[in-house]
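[1] I'd like to go over a predicted model; first the sequence, then the structure.
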6 protein chains.
Amino acid sequence: MSDFNQPISGNDLARFSGPDTFMRLPPANALDGLDVAVLGVPMDIGTSWRSGARFGPKQIRAESAMIRPYNMATGAAPFDALQVADIGDLAINTFSLSDSIRIISDSYDAILTNDVIPLAMGGDHSITLPILRAIARKHGPVALVHVDAHADVNDEMFGEKETHGTVFRRAYEEGLILPDKTYQIGIRGTGYGADDFSEAQGWGFQQFPAHELWNSSLARMGAEIRRDIGDRPTYVSYDIDSLDPAFAPGTGTPEIGGLTTPQALDLIRALKGANIVGCDLVEVSPPYDPSGNTALTGANLLYELLCVLPGVGQR
Amino acid sequence: MSDFNQPISGNDLARFSGPDTFMRLPPANALDGLDVAVLGVPMDIGTSWRSGARFGPKQIRAESAMIRPYNMATGAAPFDALQVADIGDLAINTFSLSDSIRIISDSYDAILTNDVIPLAMGGDHSITLPILRAIARKHGPVALVHVDAHADVNDEMFGEKETHGTVFRRAYEEGLILPDKTYQIGIRGTGYGADDFSEAQGWGFQQFPAHELWNSSLARMGAEIRRDIGDRPTYVSYDIDSLDPAFAPGTGTPEIGGLTTPQALDLIRALKGANIVGCDLVEVSPPYDPSGNTALTGANLLYELLCVLPGVGQR
Amino acid sequence: MSDFNQPISGNDLARFSGPDTFMRLPPANALDGLDVAVLGVPMDIGTSWRSGARFGPKQIRAESAMIRPYNMATGAAPFDALQVADIGDLAINTFSLSDSIRIISDSYDAILTNDVIPLAMGGDHSITLPILRAIARKHGPVALVHVDAHADVNDEMFGEKETHGTVFRRAYEEGLILPDKTYQIGIRGTGYGADDFSEAQGWGFQQFPAHELWNSSLARMGAEIRRDIGDRPTYVSYDIDSLDPAFAPGTGTPEIGGLTTPQALDLIRALKGANIVGCDLVEVSPPYDPSGNTALTGANLLYELLCVLPGVGQR
Amino acid sequence: MSDFNQPISGNDLARFSGPDTFMRLPPANALDGLDVAVLGVPMDIGTSWRSGARFGPKQIRAESAMIRPYNMATGAAPFDALQVADIGDLAINTFSLSDSIRIISDSYDAILTNDVIPLAMGGDHSITLPILRAIARKHGPVALVHVDAHADVNDEMFGEKETHGTVFRRAYEEGLILPDKTYQIGIRGTGYGADDFSEAQGWGFQQFPAHELWNSSLARMGAEIRRDIGDRPTYVSYDIDSLDPAFAPGTGTPEIGGLTTPQALDLIRALKGANIVGCDLVEVSPPYDPSGNTALTGANLLYELLCVLPGVGQR
Amino acid sequence: MSDFNQPISGNDLARFSGPDTFMRLPPANALDGLDVAVLGVPMDIGTSWRSGARFGPKQIRAESAMIRPYNMATGAAPFDALQVADIGDLAINTFSLSDSIRIISDSYDAILTNDVIPLAMGGDHSITLPILRAIARKHGPVALVHVDAHADVNDEMFGEKETHGTVFRRAYEEGLILPDKTYQIGIRGTGYGADDFSEAQGWGFQQFPAHELWNSSLARMGAEIRRDIGDRPTYVSYDIDSLDPAFAPGTGTPEIGGLTTPQALDLIRALKGANIVGCDLVEVSPPYDPSGNTALTGANLLYELLCVLPGVGQR
Amino acid sequence: MSDFNQPISGNDLARFSGPDTFMRLPPANALDGLDVAVLGVPMDIGTSWRSGARFGPKQIRAESAMIRPYNMATGAAPFDALQVADIGDLAINTFSLSDSIRIISDSYDAILTNDVIPLAMGGDHSITLPILRAIARKHGPVALVHVDAHADVNDEMFGEKETHGTVFRRAYEEGLILPDKTYQIGIRGTGYGADDFSEAQGWGFQQFPAHELWNSSLARMGAEIRRDIGDRPTYVSYDIDSLDPAFAPGTGTPEIGGLTTPQALDLIRALKGANIVGCDLVEVSPPYDPSGNTALTGANLLYELLCVLPGVGQR
Ligand SMILES: [Mn+2]
Ligand SMILES: [Mn+2]
Ligand SMILES: [Mn+2]
Ligand SMILES: [Mn+2]
Ligand SMILES: [Mn+2]
Ligand SMILES: [Mn+2]
Ligand SMILES: [Mn+2]
Ligand SMILES: [Mn+2]
Ligand SMILES: [Mn+2]
Ligand SMILES: [Mn+2]
Ligand SMILES: [Mn+2]
Ligand SMILES: [Mn+2]
């Protein structure tokens, strides 16, 4: 059918068998020739409440066996146009957050020497800072679509500057992102003061609190963001806790009153045409996800992101 | 109050006690005099991903102990007008899918020699093909309301023609259903190509993908389907995975972005007045439903189907 | 920052450590000087289906460690204006429902000799009757905002007059509440006849069945209730089973087709300005809530109630 | 094969189907002609820590579907010699422990007017006091084999005289049991003083603390107890928490360092020949037993008790 | 260190990352050069009670990441002497037991054209019959060490001749095994008559019921079996339900009173020196094993079997 | 009864209520006057496989509510002789293992300026190194009873010198312990070579591998260790994974073939009379312990350690 890597079909090999790669794609050790590299960043030492996200990549891969190559709703056929492979996990240092952040950044530099779009499976959200450092080295400051219950713009936590709650302040300070092309969607809950969100608005961040989105589709908002981004290189960082705990119970710092999966799908689908240069899906915590459905959701969101990457057409 | 069988009241006997029949109705060995026969078809060897639906009837019955006889929202009082009993489980052959399909079909023939409406608790969706064969022998081709995340119109899976994913292609081919009075509601997710859905449209199937239904009531769509059916004999096949995994986590092949329970209730309630000749509720998988809430949902949907059967009035 | 008690910050002490009080507030043995007393009423012997709510206070407290003091959506800052403490659990008699009901009533009398607003963590809903008795002794008959899947207006259950299903009939009969200022929101499901709900309408209760609320915000309805209450002393009794089981799986008598957490939040937030004299959050059952997310939801709803208490301002 | 009731064979009907009676025996409404009546006493309002035992009978019956009629280790064939049926559940009052205790006692009086041996599935241990009252009315004071982590000889708990922790002091005071033919096996853990156990020794109770039994078979000790009992009417009360939590995790008040299932089986098998007039198996708490294996164990222990009832022979 | 494949060290790559092969060994597509092929046979349609074993290979592999190459108790160093790889899963037909049995047999013929020892991860026990057919074609009738709660010697189940309960009768009838060198260890529980076990004794099978093994080491018995086997080609079929449910809760047909893991380890270690030509570890059912510890146990037992394969030395 | 702090009695306040301190002892902010300080060290960033031990102290405290003050097996009455309080949790830095290790050490120095015996609830095993540093500063090198599945004597992991797997090599190198009075009990499983254990024997460590202890009491071995220790200051570090996963499933790095709880109890009880200067109980991981029974076991082991502290008498 295609010269590109294809997921193993559920009609050829029972879904509960075969390789534990993302969507049962071929594993790859080398990056040359790849358009998209799916990879795991199994780490949870940057999280502040429930741990367990270290097993995120494993469970997301396992649940991704359910996904077939063609998107029935949008007609997208990513494996007709892109060479995609699962390149395995980064070799983080599970005893040192700071060292792991360095490793991730270096690994991404290596990955990005190839013209490949990395799709990362976290891991807690602290992985996104070193990713953005490498992304910015490659592409310059990027537009950022950040879907999350939290703004993750703390200055520090227990004196640490690099944790899952400080990522986007650091990214702003370091000039890794375009502040006025940074979109924070789904933020909500409690904080220490209005500044927790509004300071970032002062930097230019565009914020879309969850309670303004309840009971409606995100298709229109997604389209506006899409237009606003233009053709700028864009990074999408998707924290699974942006979803309501009804839809994504298995995460480290759940907040009630969140997005629905239809909202998530409408949002991602609206990004079609953007110049996406990388994505991550973070904060799936398998010990809190016995049904596997949070990982299944994460796998589907990654698949939907794959469907809106540059070059993907419709059948 | 009534000459008809009544569920044991939760005010007479604590809900966690008494018989494990549907809604704690009397069990019945004979069918004569029954208007509705609730039965279990405990089978999961026709499923392609997570097994466990063999325990569906057991858990649906257990959770149904919560349901009282009167429908507060619609005023329906099914036990004022219909003689309903739980006739137990079909004696399937758990080691042979093909033999079980034969057994189900034969058992339904026997059931249908009586003028009884069968309400089946699955089991995986492969049970619906032999049911439809018997239904068609009795009633001729029927209108079909098929609520599901999947169209279940594969031609074959691993070379097999009869599985939970091929049911409605077989039913179409065998003339068991009226193609242009077949409604597939809630379908979504991924596939192998647009044909996965559109081929069935070519046969006349009316399809209502989930993403066109998000964020709205199904009352209107249900009413339109109801009108379109007219007085044709109608079968309702309800796959619990039509619901979003947030509402029905305990199922074999979950797909995100599904229906809500309010949508499911509005849809079923809109069918009031149709000439329903049989129903099933399939794909509840208890090992993936530790809270029991998926089975509770299944039990309630069966109860709502009971409330729209011919002859049921309102108090 | 303040002379008032403050929750321990998650930036000062890791959320998974510290005292197991509500929001890690200081515990208090004495009531003098308190504006709000948070307390547990750990009891489940008044429930009719799944037990386990005896562990409700423990798990709600544990999950409340995630909540920060400031409400990002509304700007409410309860700890700027109110002295709040966790006064521990009432010493119920776990072997006698009638004795426990007496103990709760007596304990509330003692609490209410101080001008304190009690926020109770249940426990099953039977705790609300003795609470209302004490509340009425202090404040006279109160307006009642009762959010629940059930009307809880049975006359008796197994011959008992005081259970989780008879609370509001007793409260009506005893003149503890203002019948025409009693609002029952989210009721649904099955019963024994239309009277199950409508008799209470005859007493003046205003009922808002769940199916009339599906797919829409409760902000408007909440505002109308708020206006209708005026400045009457008001009690809020929040049964977590008012929420759909997708949002609150861990409860004793779940009913499908319920409210969403956005609806719950909109409803509570609309009550701002009412003269709330007490609240409870009941029916969280931890054994059926392995993820803890139902308790987390309960903790957040209690926090939101705290945010609309008299005197709370916005920053 | 036999004129006696037989469990449905797993080779005739798949184990996950069929009636939810104990071992899939026929249900019985009348007692005449029965030698043994298996019944449920679904109650947990007499427990002091984790609730949930109200679902014990349901889950024990479900798991008992695995048990076949013949005992491979001992050759016992209970269904060759005894007419056994499942007579359903007692209609306890779930809101009143004292009323339930009265109901159980009255129900047992009615059962015992027939010459039937009752085998009760609890429920918490408080059911045994009213059972013993009826047993003593029928048989006079009985020998008692009491297997438990706890001596259950408290004088009162929260002022209550009848709870799961006071059963055997009451039985002693009321002369329901023969004190010097009372055997407490497996007791252990912590208490308030040596008197907690030793006072009952003063009454004549023979105590076998768990720590004296570790790492050895109970066959010899069982044989000595058997001899000491002689032909006295004997009641066996089996608290599942006598087993170590490794073997029976799903119980209300687990204590570490308990018996193993081999020890339990050796003990019961040693009682062969005793004049057993009734048995119970209590304290299985399904919400704490997600695997069902504690209920499976309870079901097997009941089966083993059935195998040593008077009249059972070996094939 | 070695020319042989080595598991990835937990000191080189965090255990929760890397390939999902057995012990994180290299995957292999070709068999040439291999001494041992580890493979999955993901199937559960041959089971009679709880399904789920289809996910056995996935979970056993996941948990095997904990195992290091050197056996601290025995000094065995299998990766010093054997070339071991994980060759993935057999492509069974999940809708047809009979077809899957054919596929397994054919696949094993292909594997055994190489001089490789296959180590299979099940799957339910029905996989062992086609395996033994291929083994016997290669090696002639083999000695069989069969560790199981069940003898698996039924003649048929629901009319089927090939299920997880008929394996060893078929193997006997077909001459695949040496009857008097067949050892059934750990059998117990209930049946339909003494014949259930004793008929196989008549064929020559040596049976070691669990109750004769309680409270003692199996080292001596293992040594006697080892001597009795001599140098005959030997197959080891290890049903995880041979273990007590305390040690292996996650299985399809648990039976109480089983073996301990120390007994299992002593038994396997005693087989050192036997001419083992193949092994399987079956009946791990992940949906009933939320902790993963049953799969961990299965993985360790496979590792211990690896340690006693011909050629493995000690360091 | 006593001038010493007493746990709240389960007869005074229902066990599921009251403070969440260890055994519901009074909390204490100051150390003066205390003999024993129970404290939590909630940390899991030093673990290499499953995380979650950060919630260990919370769950151990919750389950400890079951424990009564008097030891029925040994007669020990710790609260007659010692002033014990729960001093809360150490304020670790959850984002930095090295910083947390410094904090723990400093905190212990502060604690030990008082003559108090610290009983720590972990947390992963990496907490023991900083504890031993402070202990050695106070008491000089100590005898060490180390019960564990693992020797924890790695030199480094991912280049880190201080993790849960390197504790006792560091302790040896730094002279914190008396090598020939160091007892490692229960070690087992797999490694990278014989050196993994034997190198430490070379330092003088006395090792008692689990497989040498199977099927027997540890009373004698405990007594020999007790004699060998003499009156040296002794620290007891108890890793819950020393127990078999059947007895302690909820831990981070489980190994099969471990100790039983009877063995654990015999071992600890044998230490009576030793000059114990501190203890810890580590590696309870609540996300993998849904029943809570591992935490219950940990709580009981801590209680048993309390019972053998200097000064505790028997009643
Ligand atoms: Mn985030
Ligand atoms: Mn977040
Ligand atoms: Mn379907
Ligand atoms: Mn479906
Ligand atoms: Mn209520
Ligand atoms: Mn309710
Ligand atoms: Mn008891
Ligand atoms: Mn007990
Ligand atoms: Mn077997
Ligand atoms: Mn077996
Ligand atoms: Mn350790
Ligand atoms: Mn360890």
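    Happy to help now that I have it. Ligands and ions are numbered 1, 2, ... in the order given.

[2] so where do the helices sit in the stretch 201-315 of chain A?
    In the stretch 201-315 of chain A, the helices defined using DSSP state H, counting those that start in this stretch lie at A:219-229, A:261-270, A:293-307.

[3] Just put those helices in TSV and tack on distance to chain B, mean pLDDT and mean neighbour count.
    In short, each C-beta sits where N, CA and C put it, glycine included. TSV is the format used below for these (distance: least, CB to the nearest CB, whole Å; pLDDT from 0 to 100; neighbours: other CB atoms under 10 Å in any protein chain shown):
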stretch	distance to chain B	mean pLDDT	mean neighbour count
helix A:219-229	10	98	17
helix A:261-270	4	98	25
helix A:293-307	5	98	26
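
[4] which stretch among the ones you listed comes nearest ligand 1?
    helix A:293-307 (13.4 Å; CB to the ion).

[5] Would stretch A:232-251 count as contacting chain B?
    Yes: Stretch A:232-251 is in contact with chain B by CB under 8 Å from any CB of the partner chain, via A:Asp244, A:Ala246, A:Phe247.

[6] So what's the predicted local confidence for the last one?
    As predicted, A:Phe247 sits at a pLDDT of 98.

[7] Check whether it really touches A:Gly258, as I assumed.
    Yes: between A:Phe247 and A:Gly258 there is a contact under CB atoms under 8 Å: 7.5 Å.

[8] Pick out whichever of those two has more residues nearby.
    Using other CB atoms under 10 Å in any protein chain shown, the more surrounded residue of A:Phe247 and A:Gly258 is A:Gly258, with 29 against 26.

[9] which residues touch that one?
    Taking CB atoms under 8 Å, 6 or more residues apart in numbering or on different chains, we find A:Gly258 in contact with A:Ala149, A:Gly186, A:Arg188, A:Ala210, A:Asp241, A:Ser242, A:Leu243, A:Asp244, A:Pro245, A:Phe247, A:Ala248.

[10] any idea how far whichever residue of the stretch 151-300 of chain A sits closest to ligand 7 is from B:Ala248?
    As assessed by CB to the ion, ligand 7 sits closest to A:Pro290 within the stretch 151-300 of chain A, at 30.9 Å. Per CB to CB, to the nearest Å, A:Pro290 is found 15 Å from B:Ala248.

[11] Which one's more surrounded, the two?
    When A:Pro290 and B:Ala248 are compared for neighbours, B:Ala248 comes out ahead with 34 against 20, by other CB under 10 Å.

[12] ok, the more buried one - contacts?
    B:Ile240, B:Asp241, B:Pro254, B:Gly258, B:Val284, B:Thr294, B:Thr297, B:Gly298.

[13] Contact residues of chain A facing ligand 2?
    A:Asp148, A:Ala149, A:His150, A:Asp239, A:Asp241 (CB under 5 Å from the ion).

[14] Now, the residues you listed that are in strands?
    Among the residues of chain A next to ligand 2, the ones falling in strands (DSSP state E) are A:Asp239.

[15] what's around A:Asp12, how many residues?
    A:Asp12 has 12 nearby residues by other CB under 10 Å.

[16] wait, it sits on E:Asn93?
    No: applying CB under 8 Å, one finds A:Asp12 not in contact with E:Asn93, separated by 11.3 Å.

[17] And the strands in the stretch 1-150 of chain A?
    Using DSSP state E, counting those that start in this stretch, the strands of the stretch 1-150 of chain A run over residues A:36-41, A:70-71, A:84-89, A:117-122, A:142-147.

[18] repeat for the stretch 151-300 of chain A
    Using DSSP E, counting those that start in this stretch, strands in the stretch 151-300 of chain A cover A:177-185, A:190-191, A:206-208, A:233-239, A:275-282.

[19] Now distance to B:Tyr108 too, for the ones you listed, in CSV please.
    Below are the strands of the stretch 151-300 of chain A laid out as CSV (distance: least, CB to CB, whole Å):
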stretch, distance to B:Tyr108
strand A:177-185, 51
strand A:190-191, 56
strand A:206-208, 53
strand A:233-239, 47
strand A:275-282, 46
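
[20] Show me the one of the ones you listed that comes nearest ligand 12.
    strand A:275-282 (29.5 Å).

[21] helices or strands up against the closest one?
    strand A:117-122, helix A:128-139, strand A:233-239, helix A:293-307 (3 or more CB pairs under 8 Å, 6 or more residues apart in numbering or on different chains; DSSP states H and E).

[22] Paired strands for it, with orientation please.
    strand A:117-122 (parallel), strand A:233-239 (parallel) (DSSP bridges).

[23] okay, the ones you listed in a markdown table with mean pLDDT next?
    Shown next, in a markdown table, are these (pLDDT from 0 to 100):
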| stretch | mean pLDDT |
| --- | --- |
| strand A:117-122 | 98 |
| strand A:233-239 | 98 |
